[in-house]
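# let me see the structure of the following:
(one chain, ligands or ions: 1)
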Amino acid sequence: MIPFNKPCLTGNELTYIADAVHAGNPSGNGKYTRLCHQFFEEKYRFPKCLLTTSCTDALEMAALLLDIQPGDEVILPAFTFVSTANAFALRGADLVFADCEGAFPNIDPAQLSELVTGRTKAIVVVHYAGVACDMDAIMAFAEERGIWVIEDAAQAVDSYYLDRPLGSIGHLATFSFHESKNITCGEGGMLVINEEKFLKRAEILWEKGTDRAAFFRGEVDKYGWVDLGSSFLLSDILAAYLWAQVEQLPAIQKNRLSAWNYYHQQFLSLAEEGHIKQPDIPSYTTHNAHIFFILCKSIEERSALIQHLSEKGIKALFHYLPLHLSPYFHKKYQGPPLPHCVRFADTLLRLPLFHGITQEEQTLVIKHIKEFYT
Ligand SMILES: *Cc1c(COP(=O)(O)O)cnc(C)c1O
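Take a look at the predicted model:
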C-alpha cells in the first residue's frame, strides 16, 4: 500500500514534547511557542506571529481583527477548503466567490474588478499547493480601494512570490500545521500580522480578549477583559512538537522538492503525448512541493484512474468540491458560473507525496499511471 500522505516525523518530537510537559507550564505562550514565533519572525521577516490551534482559528481571528460585520462582502476563491469561507461567514459576511486562473487553480486577479462593490471589505487569497497567487496585481487592486488582503497560506510554508515569502505580503496571513501539511503538530496553525494597526489587538483576541500577554511581559500590573476574543492559542506541548519539525524544515523541504521534481520529470513524456497535463507553475513563484497533481481530461477518466490506482494499492485523491456548488451554499449562490474552478475540481488528481516517500514507491505510482494511459 502506498498512502496518499504520511504525517512527517523527524526524530526530536517526543523529546521536546516530554520537555514541555516536565517544564510545568504546558498551556499556551510558553517556551516552545516563543521559539516557533521567533523562528518565523526571523527567517521570513514576519512582523508578528501567533501560534493558533489551527489555520481555521487563525482565519477566524483574521475575520475578528478586520471587524467583519453582516453586510460586508468578502471575495475569495471557490476552489478552496471550507475554512477559508467559514471564518467570514461566521461573522455574517456575504461571500463573493471568484474563479481560478485558466492555467493554475489560484484566484484570478483579472476578475476582481467585476466582483468588487462598495461593500467589499476583504479579499482572501489561497496559495494552492504552495504556489503563489499573483500578489502584485492583487495588492495593487486592494490597496487602491482600501480593501484588506488575507493570505490563506495554509499550504504555503517556505514558498516565495518573487523574493518575498508567502505570508509576508497580505495585511494578515494564516498557516496550517495540520497533519496533512509539510510541517505539522497534529492540529495547529499560525496567524501572521503584517499590518501594524492590528499588532496589539491580535494578541488580545488570542488570549480570550484579555491583556494577559502584556501582563506576562510586565507591561501592565493586572490583566482583564479588554475586548472580544477566544482561546486561540496553541498548547506548548503541541508547539514543542512543531518546534522539532521547524528545526528540520530545510531537510523536509529538500526531500519533498526532490520527490516533486522526480514525478514532474517522469511524467514529461505522458504530458507531451497529450494524455495528461502537469501543473503550470507561474514564473513569479517558487513552491514548497506541498502537492503534486496531474490534470486528467474528464471526471470520468479521473474516476477510472483513481480506481485503477486503488486496485494497485495506491491512494490518489481529487481536490476540492467547489464551495459555490456545496450542499451548504449552492442555494445561496447567485454569482456567475466559475468554469475553471469546476474544471480543476473535475480533473485534478493529487498523487502520494510525503516526507520520506521512496523512489521505489514513486516509481510504482508512475508505472501504474503510464500503464493506465498506454
Ligand atoms: C489545510 C487548510 C486549511 C485548514 O487548516 P487547519 O489547520 O486544518 O484548520 C485552510 N485553508 C486551506 C487552503 C488549507 O489547505
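# which outside residues touch the helix or strand containing Thr174?
Thr174 belongs to strand 172-176 when assigned by DSSP states H and E. Applying CB atoms under 8 Å, 6 or more residues apart in numbering, the external contacts of strand 172-176 come out as 46, 54-55, 58-59, 62, 65-66, 148-157, 166-167, 188-195, 198. Using the backbone N, CA and C atoms, a C-beta is placed for each residue, glycine as well.
# what's the answer for stretch 67-81, then?
Contacts of stretch 67-81 (CB under 8 Å, 6+ apart): 84-85, 88, 91-100, 105-107, 112, 115-117, 119-126, 128, 152, 154, 320, 322-325, 338, 341, 344-345.
# phi and psi next, for Ile2.
phi -110, psi 110 (degrees, to the nearest 10).
# and the longest strand for the chain?
Scanning the chain for the strand with the most residues, using DSSP state E, yields strand 120-126.
# wait, Cys8 touches His290, no?
No. If you go by CB atoms under 8 Å, Cys8 and His290 don't touch, sitting 11.7 Å apart.
# between those two, which one's more packed in?
More crowded of Cys8 and His290, by other CB atoms under 10 Å: His290, with 24 against 20.
# for the record, mean pLDDT for stretch 129-149?
For stretch 129-149, mean pLDDT is 98.
# what's the end-to-end length of it?
Using CA to CA, to the nearest Å, one end of stretch 129-149 lies 19 Å from the other.
# that one vs the ligand: in contact?
No. Using CB under 6 Å from any ligand atom, stretch 129-149 stays clear of the ligand, with a minimum separation of 9.3 Å.
# any idea how far that stretch is from the chain center?
Relative to the mean C-alpha coordinate of its chain, stretch 129-149 is positioned 16 Å out (CA atoms, centre = their mean, to the nearest Å).
# same check, this time on stretch 218-235
Worked out by CA atoms, centre = their mean, stretch 218-235 lies 27 Å from the chain centre.
# repeat that for stretch 33-48.
On CA atoms, centre = their mean, the centre of stretch 33-48 falls 18 Å from the chain's centre.
# and it, what's buried?
For stretch 33-48, the neighbour count (16 or more other CB atoms under 10 Å) marks Thr33, Leu35, Cys36, His37, Phe39, Phe40, Tyr44, Phe46, Lys48 as buried.
# out of the residues you listed, what pair is the most spread apart?
Thr33 and Tyr44 (16.9 Å; CB to CB).
# re the thing from before, mean confidence score for the longest strand of the chain?
Per-residue scores along strand 120-126 average to 98.
# so in that sheet, which strands flank it, and in what orientation?
strand 73-77 (parallel), strand 148-152 (parallel) (DSSP bridges).
# want to throw those into JSON lines with mean neighbour count?
What follows is these, written out as JSON lines (neighbours: other CB atoms under 10 Å):
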{"stretch": "strand 73-77", "mean neighbour count": "25"}
{"stretch": "strand 148-152", "mean neighbour count": "26"}
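# can I get these in JSON lines with distance to Pro352?
Listed next are the strands paired with strand 120-126 as JSON lines, based on distance: least, CB to CB, whole Å:
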{"stretch": "strand 73-77", "distance to Pro352": "25"}
{"stretch": "strand 148-152", "distance to Pro352": "24"}
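# related to what we said a few turns ago, next, see if the longest strand of the chain gets close to the ligand.
Yes. Counting by CB under 6 Å from any ligand atom, contacts between strand 120-126 and the ligand involve Val126.
# from the middle of its chain, how far away would that strand be?
15 Å.
# check stretch 54-70 too.
15 Å.
# that stretch and the ligand, are they touching?
Yes. Under the criterion of CB under 6 Å from any ligand atom, the ligand is reached by stretch 54-70 at Ser54, Cys55, Thr56.
# give the buried residues for that stretch.
Applying 16+ other CB under 10 Å to stretch 54-70 flags 54-66, 68 as buried.
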